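Q: got a sequence here, can you build the structure:
(chains A and B)
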Amino acid sequence: MGAHTNDWGHASDFENVGGEVAVVGVGEADQTKASGRSAQEIAAQAVERAIADAGLEPEEIDGLMYSGGMPPQFDEAAFHAHFGTRHSMFVSGQGGGMAWAGTAPYIAARAIREGKARHVLNVFSVAWATQRGSMLGGPGQFHAAEPFKGNLEIPFGWFPQPVYFATIARRHMYEFGTTQEQLGSIAVACRRHANLTPGAVMHRKPLSLEEYLSRPMLVDPLRVEDCCLISDGGAAFIMSSFERARDLQQPPIEVAGVGEAYSGTGTYWSQQSAFTSTPQVYSAPPAFAMAGLEPKDVDVLTLYDPFTIVALMQIEDMGFCKKGEGGPFVEGQTLHFDGGGLPYNTHGGLLSHAYVLGIAHVVELVRQLRGQAAAQVAGARVGVYGGYTGHMASTLILRRL
Amino acid sequence: MAAEFPLPDTEWEMTREFWAAAERGELVIPRCDACGTYNWYPASRCKSCDSEKLVWTPVTGRGRLFSWAVVRHAFLKEFAEKVPYVTGLVVLDEDPSIRLATNLIDYEAEQLKIDMPVRVVFRPLAFPGISREVIAPMFAPVEEPDV
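A: The predicted structure follows:
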């Protein structure tokens, strides 16, 4: 901390795309535990639903974004095979979930501005619950193959992500007095929202703070309830120019601001000098500046939440409260959709809705701003997604005009 | 990934000296011969002055417990016999920006406190089904804290 905190990350230099594009269609695949489905089957269902939601035809989708780094995804060949189409498309592998669910609208806006596409689809899916038995895929796979981790962290059992973030959580508790009850408040808010959301994986499993505190530790100081699900599922959303969006069937949801930032120490959480921070420190301010908005203007927030502590740190780092005050901030009903505070992960998030790596967080924001959400925030006009991918954070600000 | 996963690959060039030193009971960290900066994780050029003259340099092995986790679930099957175990990060007295991932040993559970002084102890890393062991730097509480 201290002397190091000024130079541990940096923001990407984005052109101003505020107001150029809108999200015009959203769709979710069925979010389930192990289902036997393939990732591409799951994606196809989400894509069909997003296209129908927008009132478009598959032939009109002339831009496709997916996660090129996490195959198998719903790429151009899969799209055409599924829909029986053959038109040319703008294609980018810099889309999908995690931080890229937040930055896909920036790439889409640039492509639409340059005339490369009119309607750009971003899609992401995983079948990690189904694959779990075969030990293929999953959140630990990338990290297990990384040589510095393999030689300097894994031999000591400092692996995988629940261990990293338990270590971070304990340090946050030490530096700022954050408590288990405060982390539990985040898990409880997510669970309540999932209980209100049909289709959430934890829809029928209530969780009180007392129950949370009674559960055993998984990696002390984190419980299972502090950790994301592993599930099968996916989602998709479609972006079009704001002008075209006015003619489509859904109320257009403007992309008002986008930001992106990187940690200078990559995915080596052990070495990030600002150990209890996320690159949202660098990503959120330019996104808010692009939108001409401030954190106090936000009606609904969704955060990439692999662990409660990651949500807590992002709430601080994005400026919703001062650094270190996230614990007291999240106590009680603050994060609940009807709590009058900062409605947060109103579908249940990665903890209780589905582990589809953030793309459903963007879908949820769009539904909130349209007034179509299950746990609807009254009068929501401004929604923010905070994406996180370890070495990277993104900030997406959506607005209903 | 090392053939004897989760043992380290003691021949990998970027960390070979670290493991060779541990074998003889030394803790070494790359230090820039030009500007004196310790570099961790190992790199081919100094993060401070870009020099290529990085020299594996012995350190005292004294440090502080930066943070830790008590792992109660074996995320990797190779750790099934070790859980619950304590793993965490230690910062070195020579430069507290150096953080080593390690195991805490020879402690009483209630004794662990963030920023408590610790000292390096060399112990074997061993896993079921792997005949080889690798001597590794682990850390134990210092009985009488430095004043």
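Q: can we go C-alpha only for contacts and neighbour counts from here?
A: Will do.
Q: which residues are in contact with residue 95?
A: Using chain A. Shown in contact with A:Gly95 (Cα atoms under 8 Å, 6 or more residues apart in numbering or on different chains): A:65-68, A:101, A:103-104, A:122-123.
Q: that answer is for a different chain, and I need it for chain B
A: B:Tyr38.
Q: which of the contacts of A:Gly95 count as buried?
A: Neighbour-count burial within the contacts of A:Gly95 applies to A:65-67, A:101, A:103-104, A:122-123; the criterion is 16 or more other Cα atoms under 10 Å in any protein chain shown.
Q: let's see which of those end up in strands.
A: A:65, A:122-123 (DSSP state E).
Q: would you reformat the residues you listed as TSV and include distance to A:Gln333 and pLDDT?
A: Output for those, formatted as TSV (distance: Cα to Cα, whole Å; pLDDT from 0 to 100):
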residue	distance to A:Gln333	pLDDT
A:Met65	37	98
A:Asn122	33	98
A:Val123	33	98
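Q: quick check, nearest of the contacts of A:Gly95 to chain B?
A: A:Gly68 (22.6 Å; Cα to the nearest Cα).
Q: low-confidence stretches in the chain?
A: Since you didn't name a chain, this refers to chain A. Along chain A, the parts satisfying pLDDT under 70 run over A:1-6, A:133-139.
Q: wait, chain B
A: B:1-3, B:144-147.
Q: 80 instead, please
A: B:1-3, B:143-147 (pLDDT under 80).
Q: spit out the contact partners of the residue nearest the centre of chain A.
A: Residue closest to the mean C-alpha point of chain A, counted by Cα atoms, centre = their mean, is A:Gly358 at 2.6 Å. Shown in contact with A:Gly358 (Cα under 8 Å, 6+ apart): A:97-99, A:101, A:303-304, A:349-350, A:387.
Q: how about the residue in the stretch 51-200 of chain A positioned nearest to chain B, secondary structure?
A: Nearest residue of the stretch 51-200 of chain A to chain B, counting by Cα to the nearest Cα: A:Asn151, 4.4 Å away. What DSSP: H, G, I helix; E, B strand; the rest coil gives for A:Asn151 is helix.
Q: name the nearest residue to it, sequence neighbours excluded.
A: Leaving aside its sequence neighbours, A:Asn151 sits nearest to B:Pro8 (Cα to Cα, 6 or more residues apart in numbering or on different chains; 4.4 Å).
Q: just give me the neighbour total for residue 49.
A: Going with chain A. 20 (other Cα atoms under 10 Å in any protein chain shown).
Q: wrong one, I was asking about chain B
A: 12.
Q: do A:Glu316 as well
A: 21.
Q: what residues are up against the nearest residue to it once chain neighbours are set aside?
A: Nearest in space to A:Glu316, with sequence neighbours left out and distances taken as Cα to Cα, 6+ apart, is A:Lys323 at 5.0 Å. Counting by Cα under 8 Å, 6+ apart, A:Lys323 makes contact with A:313, A:316-317.
Q: cool, A:Tyr106 as well?
A: Contacts of A:Tyr106 by Cα under 8 Å, 6+ apart are A:17, A:258.
Q: okay, now the domains of the chain?
A: Just so you know, I chose chain A. As given by automatic domain parsing, the domain ranges for chain A are A:21-132+A:231-245, A:139-226+A:258-396.
Q: that answer is for a different chain, and I need it for chain B
A: Taken from automatic domain parsing, chain B resolves into B:9-58, B:60-147.
Q: any idea which of those domains gets closest to A:Arg37?
A: Counting by Cα to Cα, A:Arg37 lies closest to domain B:60-147 out of the domains of chain B; the figure is 24.4 Å.
Q: now the end-to-end length of stretch A:264-279.
A: End-to-end distance for stretch A:264-279, by Cα to Cα, to the nearest Å: 9 Å.
Q: enumerate the positions of it that are buried.
A: Residues of stretch A:264-279 classed as buried: A:264-265, A:267-279 (neighbour count, 16+ other Cα under 10 Å).
Q: got it, and stretch A:366-385?
A: In stretch A:366-385, counting by 16+ other Cα under 10 Å, buried: A:366-371, A:373-377, A:380-385.
Q: how about stretch B:44-53?
A: B:Cys46.
Q: gap between that stretch and the chain center?
A: 22 Å (Cα atoms, centre = their mean, to the nearest Å).
Q: export it to PDB, keeping only CA atoms.
A: Below are the C-alpha coordinates for stretch B:44-53, written out as PDB (Å, rounded to 0.1, in the frame of the first residue of the first chain):
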ATOM      1  CA  SER B  44      14.900 -11.200 -17.600                       C
ATOM      2  CA  ARG B  45      15.400  -7.400 -17.100                       C
ATOM      3  CA  CYS B  46      15.300  -5.200 -14.000                       C
ATOM      4  CA  LYS B  47      11.900  -3.700 -13.500                       C
ATOM      5  CA  SER B  48      13.500  -0.500 -12.200                       C
ATOM      6  CA  CYS B  49      16.400   0.200 -14.600                       C
ATOM      7  CA  ASP B  50      16.000  -2.400 -17.400                       C
ATOM      8  CA  SER B  51      19.400  -3.900 -16.800                       C
ATOM      9  CA  GLU B  52      20.000  -7.500 -17.600                       C
ATOM     10  CA  LYS B  53      22.400  -8.000 -14.800                       C
END
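Q: one step back: for the residue of the stretch 51-200 of chain A closest to chain B, give me its contacts.
A: So A:Asn151 contacts B:7-10, B:15 (Cα under 8 Å, 6+ apart).
Q: residues from chain B in reach of chain A?
A: Within chain B, the positions near chain A by Cα under 8 Å from any Cα of the partner chain are B:1-2, B:6-10, B:15, B:40-41, B:66-73, B:75, B:79, B:87-89, B:97-103, B:114, B:125.
Q: and if we set it to 6 Å?
A: Contact residues (Cα under 6 Å from any Cα of the partner chain) of chain B with chain A: B:1, B:6-8, B:67-73, B:87, B:101-103.
Q: what ranges does chain A have for its strands?
A: A:9-11, A:21-28, A:63-65, A:90-92, A:119-127, A:217-220, A:222-223, A:232-241, A:253-263, A:300-303, A:382-388, A:392-399.
Q: can the shortest one be found next to chain B?
A: No: counting by Cα under 6 Å from any Cα, chain B is not contacted by strand A:222-223; separation bottoms out at 8.8 Å.
Q: give me the distance between the residue nearest to A:Phe176 when sequence neighbours are not counted and A:Arg110.
A: Leaving aside its chain neighbours, A:Phe176 sits nearest to A:Gly324 (5.1 Å; criterion: Cα to Cα, 6+ apart). According to Cα to Cα, A:Gly324 and A:Arg110 sit 37 Å apart.
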